[in-house]
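Q: Sharing a model that was predicted from the sequence below.
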Amino acid sequence: MPDVIAVIPQPAVVETTGDASFELTEATTVVVDGRPDLIGIAVLAADLLGRVGGRAVEVRYAENGADDIVRLRLVESLPAGDEAYRLTSRKGRIDLEARTPAGLVRAIVTLRQLLVAAPGGVLRVPAVRIEDAPRYQWRGLSVDVARHFLPVRDLKVVIGLMAHYKLNVLHLHLTDDQGWRLHVRSRPLLTRLSSSTSVDGDPGGFYTAEDYADLVAYGAVRGVRVVPEVDVPGHVNAATHAYGELNPTGEPTETYTGIEVGFSRLHADLPATGAFLTDVFSDVAAMTPGEYVHIGGDEVLTMEADEYATLVAAASAAVRAAGKKVVGWQEIAHTPLEPGTVVQYWDTRVDPAPFVAAAQAGALLLMSPGSKAYLDMKYDASTDLGLEWAGHIELRDAYDWEPSTLIEGVPAESVIGVEAAVWTETLRDLPALTQMLLPRLAAIAEVAWSAPERRDWDDFRTRVGRQAPFWDRLGLSWYASPQVDWT
Ligand code: TNX
């Protein structure tokens, strides 16, 4: 039987070479040049191979001619792009090559997906040549940790899954009406008074600065950057509960554990508001090594357009003053935006004109269409968890869509990428979350990574059907979509 090659997302070029396949043995070692930035990656490779193979794999520094090696190397000869890589495998030797350490991380994940269990318990890698690079530079997952809190250990599982499917941005929705989840040094009451609540009276929680740094570092090693979101000027009841000065009455609002949206707000004419925005966004930016900070901006249903624009501008100015670029939900397209601002498109029911205008003015569009990429939507009417406002999203719905033509009139060059989102009104823990993510996250990852001509539903169906043992091995809960023959 020919070896199965079932990589997700589908690489740009996959060729079987006809050579004998590589076997992972007791003698297999990872070999790398002894540079500090490569050693960590070699250790990651050895760790992943060791875990799959059930025994530790050693790392050695640059040797030639050895057999039974997985050789990691930086090269100049690949197409431009940080995440491009080449993988070649044959008996005795696997070469992983990339221009950057980030590219090597992508190659390692492909290698992990190529390992197949052969008879006699041997792990084999078919002899192949793979050349690969992502279509989009931003391939994200937004996780709402405000409606229900997820501890760091659970988010690490999510990061691991993201890396496995070559997603590279974890967007954390850290604040909302129901809770504030990140300790902010200048505003300690946010977590002291507003972190213990969640939807339905479930327990809350928050990340300390150390927790957050730990998460950022865990992501960085796996090529996943964290984009923090502090949602303003709506979705702010956790803030107005902690700091009464943000309200016209001067009194704190009550805690909120329901799931309505759009009722809470900041006030542009209160002196405390500007200081709050500056303090919070500069502290959050300081905790962020990445380029972007998300200011929210969605669903402010009780505010005139002028005041909304003033508050979006104030939040954006605070982010830029701290040296970061701004991301906001699509509603910010109704306000004047600086070039390079990322507008996250989610509600497909609205007029496209503001997005076309924003793109013309230099904004970039991040595609998170509710009807395709909102992974908190139910799969079908029988799904226990999830919401339905954007419709049901079966696996094929999450797979079969084209980001570059989604908004009529927005040029393809203005699309920075694709991001799935999972809101947690009904998802209280990791099993509930992964039940909604798997298998759909794999579909979104392929939309974001693979060239359109490399995408094919029937082929994807077959490949995704082989993922179940991997999820089971990790003990993750997942949805057995009837659209797939699970093996
Ligand atoms: C809309 S999408 C929201 C969230 C909800 C979500 C539920 C967006 C920017 N806002 O506040 O949690 O729907 O699907």
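A: Yes, it's here.
Q: which non-adjacent residue is nearest Arg320?
A: Excluding the flanking residues, the one nearest Arg320 by C-beta to C-beta, 6 or more residues apart in numbering is Val326, at 6.7 Å. Heads up, the C-betas are built off the backbone N, CA and C, glycines and all.
Q: next one: Val4
A: Leaving out its chain neighbours, the residue that sits closest to Val4 by C-beta to C-beta, 6+ apart is Val116, at 6.0 Å.
Q: ok, the one you found touching Val7?
A: No - contact between Val116 and Val7 fails when scored by C-beta atoms under 8 Å: they sit 11.6 Å apart.
Q: before we move on, the earlier item: with Val52 as the reference, measure out to the residue nearest to Val4.
A: 10 Å (C-beta to C-beta, to the nearest Å).
Q: and if you look at Ala217?
A: Using C-beta to C-beta, Ala217 is found at 24 Å from Val52.
Q: Over to Glu245?
A: Counting by C-beta to C-beta, the gap from Glu245 to Val52 is 54 Å.
Q: Lys378 too?
A: Distance from Lys378 to Val52, counting by C-beta to C-beta: 33 Å.
Q: The two - which one has more neighbours?
A: Lys378 (19 against 16; other C-beta atoms under 10 Å).
Q: Could you check how many residues crowd around the nearest residue to Pro252 once chain neighbours are set aside?
A: Counting by C-beta to C-beta, 6+ apart, Gly244 is the residue found nearest to Pro252 once chain neighbours are left out, at 4.0 Å. Counted with other C-beta under 10 Å, the neighbours of Gly244 add up to 14.
Q: now the one 4 residues further on
A: For Pro248, the count of nearby residues is 8 (other C-beta under 10 Å).
Q: Next: Thr424.
A: Neighbour number of Thr424 under other C-beta under 10 Å is 25.
Q: try the one 10 residues further on
A: The local packing of Thr434 (other C-beta under 10 Å) involves 23 other residues.
Q: residue of the stretch 301-450 of the chain with the smallest distance to the ligand?
A: Distances between the stretch 301-450 of the chain and the ligand by C-beta to the nearest ligand atom are smallest at Trp423, namely 3.4 Å.
Q: now swap in the stretch 251-400 of the chain and tell me
A: Nearest residue of the stretch 251-400 of the chain to the ligand (C-beta to the nearest ligand atom) works out as Asp298 at 3.4 Å.
Q: residues contacting that residue?
A: Asp231, Gly234, His235, Trp329, Gln330, Glu331, Trp346 (C-beta atoms under 8 Å, 6 or more residues apart in numbering).
Q: what about 6 Å?
A: Each residue near Asp298 by C-beta atoms under 6 Å, 6 or more residues apart in numbering is listed here: Trp329, Glu331.
Q: so it sits in a helix?
A: No - according to DSSP: H, G, I helix; E, B strand; the rest coil, Asp298 belongs to no helix; its state is coil.
Q: Give the closest residue to Tyr243 in space, chain neighbours not counted.
A: Spatial nearest neighbour of Tyr243, chain neighbours left out: Leu189 (6.2 Å); criterion: C-beta to C-beta, 6+ apart.
Q: coming back round to it: helix/strand/coil for the residue nearest to Arg320?
A: Assignment for Val326 (three-state DSSP): strand.
Q: Tell me how many other residues surround it.
A: 25.
Q: likewise Asp380?
A: Neighbourhood size, Asp380 [other C-beta under 10 Å]: 12.
Q: do you know how far the closest residue to the ligand within the stretch 51-200 of the chain is from Leu427?
A: Relative to the ligand, the nearest point of the stretch 51-200 of the chain is Asp144 (6.0 Å; C-beta to the nearest ligand atom). Using C-beta to C-beta, Asp144 is found at 8 Å from Leu427.
Q: Just to be sure, Ala220 is in a strand?
A: No - Ala220: not assigned to a strand; according to three-state DSSP it is helix.
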